[in-house]
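Asker: quick one: sequence and predicted model below, then my questions.
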Amino acid sequence: MANDAPPRWDRRMQQRLARGEAAALGELYDRFASLVHNLAHRVLEDEEAADRVTREVFGYAWENPDAYDPKQGTLRSWIATLAHRQAVHRLREAEARAAAQPTGAQPTGNDRARADRAGDDRAGADPARGGAGRTQEDIEDRIREASVAARADYIVTSMPAPLRAALELAYFDRRDYRQAAAELGVTEDEARRRLRLGLQLLSTANVPPPDAVPPPGYGRAL
């Protein structure tokens, strides 16, 4: 069916990447680099780590254009899924390294920065909880929170502009549906409908995306 076909740009971009057109990679990067970096930074809270994930995502897209399945969604959503998945993978690695630190040892570099922001660089850590004073449950909770926050950001920026505008008025500007209707120039019923649909979309941030099988020979979670 025509509605199932991917956007023409998506299909053409996949074909160009498959032919090895370097210009296609540059175009893909220009269009989606900020999306990838922002998602990665939302999870990792570290500029250098987000830069690394951005490089990995576009490197994977360049080497594996056929991994994109148009039947599963747009190229933008595929790139965003890669970014989110890889950022969570790198966060899990960093948290595992921090948890493996001997009691009293201090994390260094990016691991220290992430631990500080997460509130995990605590004195007097319990040896039974690992060097950084965290259990595996603590780590998984941290990863889950970062993952949900990143998905919520992506959902809000991807939803139709009328829904996003209604949500922004309600949550950032503290408008009720009557005030939102007046500012948007729509009926009160329409304002309620937009808020309801926006909240329904936003609620899916708590639903984790399907797990991916790492591609052969790539050695990473993409």
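Answerer: Yep, it's here. None of the values given here were measured: they were computed from a predicted structure.
Asker: for the protein, what helix or strand is lowest in average pLDDT?
Answerer: Per-element confidence for the chain was summarised using mean pLDDT, DSSP states H and E. The lowest value among helices and strands belongs to helix 109-118, with a mean of 51.
Asker: now the element after that helix, going C-ward?
Answerer: Downstream of helix 109-118, the next assigned helix or strand under DSSP states H and E is helix 136-158.
Asker: helices or strands up against the helix or strand following that next one?
Answerer: Following helix 136-158 in sequence order, the next helix or strand is helix 161-171 (DSSP H and E). When contacts are defined as 3 or more Cβ pairs under 8 Å, 6 or more residues apart in numbering; DSSP states H and E, helix 161-171 sits against helix 136-158, helix 177-184, helix 188-203. The way it works is simple: take the backbone N, C-alpha and C, and place the C-beta from them, glycine included.
Asker: ok, and what's touching helix 161-171?
Answerer: Contacts made with helix 161-171 from outside it, assessed by Cβ atoms under 8 Å, 6 or more residues apart in numbering, are listed as 156-157, 159, 175-177, 179-180, 183-184, 191, 194-195, 197-199, 201-202.
Asker: and if we set it to 10 Å?
Answerer: For helix 161-171, contacts defined as Cβ atoms under 10 Å, 6 or more residues apart in numbering pick out 155-160, 175-177, 179-184, 186, 190-202.
Asker: ditto for stretch 8-25
Answerer: 5-7, 27-28, 31, 58-59, 61-70, 73-78.
Asker: which ones among these are found in helices?
Answerer: Applying DSSP state H to the contacts of stretch 8-25, the entries found in helices are 27-28, 31, 58-59, 61-63, 75-78.
Asker: hang on, the earlier thing: pull out the buried members of the contacts of helix 161-171.
Answerer: In terms of neighbour count (16 or more other Cβ atoms under 10 Å), the buried residues within the contacts of helix 161-171 are 155-156, 159, 175, 177, 180-181, 184, 186, 190-195, 197-198, 201-202.
Asker: so what's the residue of the chain most remote from its centre up against?
Answerer: Computed with Cα atoms, centre = their mean, the residue of the chain farthest from its C-alpha average is Thr187, at 34.1 Å. Shown here is Thr187, whose contacts under the criterion Cβ under 10 Å, 6+ apart are 181, 193.
Asker: try it again with 8 Å
Answerer: When the contact criterion is Cβ under 8 Å, 6+ apart, the partners of Thr187 are Ala181.
Asker: tell me the pLDDT at it?
Answerer: Among the per-residue scores, Thr187 holds a pLDDT of 94.
Asker: cool, and the one 10 residues further on?
Answerer: According to the predicted model, the pLDDT of Leu197 comes to 89.
Asker: any idea how far it is from Arg55?
Answerer: Noted for Leu197: a distance of 36 Å to Arg55, by Cβ to Cβ, to the nearest Å.
Asker: shaky segments in the protein?
Answerer: Judged against pLDDT under 70, the low-scoring parts of the chain cover residues 1-6, 102-134, 207-222.
Asker: apply 90 and report the result again.
Answerer: Of all residues in the chain, those with pLDDT under 90 make up the ranges 1-8, 42, 45, 69-74, 77, 91-161, 163-164, 167-177, 195-222.
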